[in-house]
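>>> What follows is a predicted structure for the sequence shown.
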Amino acid sequence: MLTGYTLGLDTPQHPILLYPNPASRVVYIQGSRLPEKVQLYKLNGQLVDEHVRSKAIAVRDLRPGVYLVKIRTGSQVVSRKLVVY
């Protein structure tokens, strides 16, 4: 049994915001903790970008489309949909 892990859901204690969305240049991650790792995936599961300990992610070099952003902060893992134009 796993306890203390959250996948794709926010908890009231540690909400994580991804903005602006849609974005064309930079996306910011706002939360009570600094993200340990941020990964951007295409919808087919291909990893396209990865950042460590960053609250700002440049997306200007990504092709327009929909991406999945996986954000790890401590034991919490949250996924967000991101639209790049």
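Okay, I see it. Residues are numbered from 1 along each chain as shown.
>>> drop to CA atoms for contacts and neighbour counts, all remaining ones
Fine.
>>> how about the strands in this protein?
Ranges of strands in the chain, per DSSP state E, are 6-7, 17-19, 26-30, 37-42, 47-52, 56-58, 65-73, 76-84.
>>> Give me the distance from the second one to the chain's centre.
Taking C-alpha atoms, centre = their mean, to the nearest Å, one finds strand 17-19 lying 8 Å from the centre of the chain it belongs to.
>>> just stretch 77-85 next, same as before
6 Å.
>>> Averaged pLDDT, it. What do you get?
Stretch 77-85 carries an average pLDDT of 97.
>>> quick one, what contacts residue 28?
Residue 28 makes contact with 17-20, 55-57, according to C-alpha atoms under 8 Å, 6 or more residues apart in numbering.
>>> Pull out the buried residues from those.
Neighbour-count burial (16 or more other C-alpha atoms under 10 Å) is assigned, among the contacts of residue 28, to 18, 55, 57.
>>> Which pLDDT value belongs to the last one?
When you say that, I think you mean residue 57. 97.
>>> Surely it is in contact with residue 30?
No: with contact defined as C-alpha atoms under 8 Å, residue 57 does not reach residue 30; the gap is 11.7 Å.
>>> Identify the residues contacting the residue nearest the centre of the chain.
Geometric centre of the chain, nearest residue: residue 69, 3.5 Å, by C-alpha atoms, centre = their mean. For residue 69, the contacting residues are 38-41, 79-82, by C-alpha under 8 Å, 6+ apart.
>>> which of those residues lies closest to residue 61?
residue 40 (12.5 Å; C-alpha to C-alpha).
>>> Ignoring the adjacent residues along the chain, who's closest to the closest one?
Spatial nearest neighbour of residue 40, chain neighbours left out: residue 69 (4.6 Å); criterion: C-alpha to C-alpha, 6 or more residues apart in numbering.
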